[in-house]
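# Next one to model:
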Amino acid sequence: MSGWTLHGRGTPALRIDLRGLTPHALAALTAAEIERLPLGYGNSLVPLAEFFRVEPRADDDLAFAADLARCDRVGWKMDGGRLIVEGGAGDYAGACMSAGEIVIRGSVRDLAACEMSGGLLTIAGDAGDFAASTLPGSMDGMRGGMLVVTGRAGARFGDRMRRGSAVVHGDVGDFVASRMVAGTIAVGGRIGAHGGYGMRRGSLVLAGDDIDPPPTFVPAIGNADVFWQLLARDLARHGGAFAGLAARSARRHLGDLAADGHGEWIVAAP
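As a prediction, the model looks like this:
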């Protein structure tokens with residue numbers, strides 16, 4: 001047994017930085033050692049015991065029995081194991097993670113899955129702006145792994161995304177897949193303005209919004225039926241708007257030609 005459940009002691013007055021609290025990092029520690037870990041709280045460091053009660057569990061998971069809406073960097077640079085949040089989370093949820101699984105049973109704020117390179121991040125609620133995108137000042141966004149958002153996502157989803165897959169069951173804001181380099185983004189709802197702006201490569205799949213791409217994308221000439229069937233069946237496992245994709249035809253457009261791009265919009269027929 002090396003798993004832990006951290007029970008929240010109430011809503012903090014300031015934001016808390018949870019970097020360093022990952023399943024592998026806490027597995028070798030005792031409860032007393034975990035309670036003494038310093039957490040960033042405003043402009044000071046405060047022992048973890050001020051905010052959480054530590055309890056062992058029968059598996060190897062790390063669980064937060066609390067709403068972490070005022071806590072940032074949940075699962076920051078996580079490299080394995082399983083982390084569960086029984087509520088929402090703040091900014092940078094799952095950012096820079098390379099392996100393992102994070103399950104957040106609520107909504108998150110901005111910059112979720114930024115520069116993620118591996119593993120699985122599932123968000124049961126909504127995601128804010130810049131999910132699956134870049135950290136401020138960086139050039140590369142999500143680099144691998146899988147992000148699943150059950151609700152909606154904000155603007156700039158997948159900005160500069162370089163690799164990996166991201167699925168959103170609900171609507172997505174403006175500039176989805178902007179400056180995208182590679183990877184796959186699938187949206188089950190509607191998208192905002194300027195989708196695919198500056199897109200270089202990669203795939204944007206629209207399962208619920210039957211719209212025409214921007215004028216800087218042109219219809220593809222080649223037949224891609226086999227590719228579409230493989231992609232549609234892979235997305236079908238997520239259910240919702242993606243469940244029946246294999247039985248639907250699709251329109252494919254290439255661009256963004258304004259950026260000399262070779263990305264693709266795949267719009268499933270109603």
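
# wait, Val267 sits on Arg251?
Yes - look at Val267 against Arg251 with C-beta atoms under 8 Å: they come within range, at 4.7 Å. In short, each C-beta sits where N, CA and C put it, glycine included.

# Which one's more surrounded, these two?
Under the neighbour definition other C-beta atoms under 10 Å, Val267 and Arg251 were set side by side, and Val267 has more, 19 against 15.

# Can you list the low-confidence ranges for the chain?
By pLDDT under 70, the low-scoring segments of the chain are 1.

# in it, which spans are helices?
Along the chain, the segments classed as helices by DSSP state H run 23-27, 31-35, 225-236.

# Show me which positions of the longest one end up buried.
Applying a neighbour-count criterion of 16 or more other C-beta atoms under 10 Å, one finds 228, 231-232, 235-236 buried in helix 225-236.

# Out of these, which is nearest to Ala95?
Nearest to Ala95 among these: Leu235, at 24.4 Å, using C-beta to C-beta.

# List the residues that contact the closest one.
Taking C-beta atoms under 8 Å, 6 or more residues apart in numbering, we find Leu235 in contact with 167, 186, 205, 207, 242, 245.

# nearest spatial neighbour of it, skipping sequence neighbours?
Excluding the flanking residues, the one nearest Leu235 by C-beta to C-beta, 6 or more residues apart in numbering is Phe242, at 4.3 Å.

# Any idea how many residues pack against that neighbour?
Phe242: 23 neighbours (other C-beta under 10 Å).

# hang on, isn't it packed against Ala236?
Yes - applying C-beta under 8 Å as the test, Phe242 and Ala236 come out as touching, 5.6 Å apart.
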